[in-house]
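coordinates only, no sequence provided:
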């Protein structure tokens, strides 16, 4: 265990599944003596199960296991490469040649990690985080395109059929799913609409975003299941619930690639972890 365990004070840690009841979902967090991390397994675009689990759950658990075993002194680039290698080893364990695995079937996740040793926040993918008053998120360019297309298709179908909101929400998602599946081919590529994600393949580890954290700063790490990060968990949850009441189909204020459909109470799993770095050593 690191000698730096004293340098953070836990304020809050919460994981809530999109159905509101599941104990295990595609989000998780890790809190060790060396690292604090939020991990967001990507919603599966294929049909493959991993050890009987959906890809997002398996990806989150693999990444959590990797973070839990990381050496104290890793750099940001080394940490992301280490987690990515854990995915590659899982493919090998399952007897799968990565080159034969379609991009949509690969395990995928985003991470945001706080290193106690370096007092840095590391982000790779589209998790959200807040350092002091500043909020950050590396949102995928393609998601904005597909979210707009989904909203357009829902509005057209609403005018044409008069379907109920949850039916419309599911319809919109189904209509863009083929595009979302094709989009996975642009993962970790330096091309228009390319994006970063941990998936066991070739990644640009130097794309990890690094922020130094000053003593006395409150940090929030989150998956993208929240539209906005506020000072407290309670305020952040209240903002989400208000937005869901106003825009349950997620075509306006919450415009995104997913909305609320049958069996779920929010558009995505969500994790919120908050801690404060003391302004002096104890």
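Thanks, I have the structure now. Just so you know, these numbers come straight off a predicted model, no measurement behind them.

for this structure, what spans make up the strands?
Along the chain, the stretches classed as strands by DSSP state E are 9-16, 27-31, 35-41, 109-115, 120-124, 128-131, 134-137, 209-212, 218-222, 270-276.

centre of the chain to the last one, how far?
Strand 270-276 has its average C-alpha position 13 Å from the chain's average C-alpha position, going by CA atoms, centre = their mean, to the nearest Å.

can you give me the helices in the chain?
Counting by DSSP state H, one finds helices in the chain at the ranges 55-68, 76-93, 141-161, 165-183, 233-246.

right, so those helices: which one is the most enclosed?
Ranked by mean neighbour count, those are led by helix 55-68 with a mean of 23 (mean count of other CB atoms under 10 Å). C-beta coordinates here come from the backbone N, C-alpha and C atoms, glycine included.

now the angle from that helix to strand 9-16?
Here the directions of helix 55-68 and strand 9-16 differ by 160 degrees (axes from the mean of the first three to the mean of the last three CA atoms, to 10 degrees).

how near is the most centrally placed residue in the chain to residue 258?
Nearest residue to the geometric centre of the chain (CA atoms, centre = their mean): residue 40, 3.0 Å. Note on residue 40: its distance to residue 258, by CB to CB, to the nearest Å, is 13 Å.

how about the strands of the chain, which one is nearest residue 198?
strand 109-115 (5.2 Å; CB to CB).

so for that closest one, mean pLDDT?
The average of the pLDDT scores along strand 109-115 is 98.

ok and it relative to strand 27-31, angle-wise?
20 degrees.

counting by contacts, list what strand 109-115 packs against.
strand 35-41, helix 55-68, helix 76-93, strand 120-124, strand 218-222 (3 or more CB pairs under 8 Å, 6 or more residues apart in numbering; DSSP states H and E).

picking up where we left off before, for residue 25, find the nearest of the helices of the chain.
So among those, helix 55-68 is nearest, using CB to CB, at 6.7 Å.

got the angle for that closest one vs strand 270-276?
20 degrees.

helix 55-68 - what's its average pLDDT?
Here the average pLDDT along helix 55-68 is 97.

now do that helix: which elements does it pack against?
strand 27-31, strand 35-41, helix 76-93, strand 109-115.

hmm, who's touching it?
24-30, 32, 35, 37, 39-44, 46, 48-51, 53, 79, 82-83, 86-87, 90, 105-109, 111, 113, 198 (CB atoms under 8 Å, 6 or more residues apart in numbering).

returning to that earlier point: out of the helices and strands packed on strand 109-115, which is closest to residue 132?
strand 218-222 (6.7 Å).

return the distance of the closest one from the chain's centre.
The answer for strand 218-222 is 14 Å, by CA atoms, centre = their mean.

tell me what angle that strand forms with strand 270-276.
160 degrees.

avg pLDDT for strand 218-222?
On average, strand 218-222 scores 98.

ok, and what's touching that strand?
11, 29, 36-38, 112-114, 121, 127-132, 213, 229, 231, 236, 270-277.

quick check on the residues you listed: which are buried?
Using 16 or more other CB atoms under 10 Å as the burial test, the contacts of strand 218-222 include 11, 29, 36-38, 112-114, 121, 127-131, 213, 229, 236, 270-275, 277 as buried.

pLDDT below threshold where in the stretch 151-282 of the chain?
Along the stretch 151-282 of the chain, segments meeting pLDDT under 70 span 280-282.

rewinding a little: out of the strands of the chain, flag the one nearest residue 250.
strand 270-276 (13.6 Å).

if we can go back for a sec, could the strands of the chain go into JSON lines alongside distance to residue 164?
Converted to JSON lines, these look like this (distance: least, CB to CB, whole Å):
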{"stretch": "strand 9-16", "distance to residue 164": "25"}
{"stretch": "strand 27-31", "distance to residue 164": "28"}
{"stretch": "strand 35-41", "distance to residue 164": "29"}
{"stretch": "strand 109-115", "distance to residue 164": "32"}
{"stretch": "strand 120-124", "distance to residue 164": "38"}
{"stretch": "strand 128-131", "distance to residue 164": "31"}
{"stretch": "strand 134-137", "distance to residue 164": "31"}
{"stretch": "strand 209-212", "distance to residue 164": "41"}
{"stretch": "strand 218-222", "distance to residue 164": "31"}
{"stretch": "strand 270-276", "distance to residue 164": "25"}
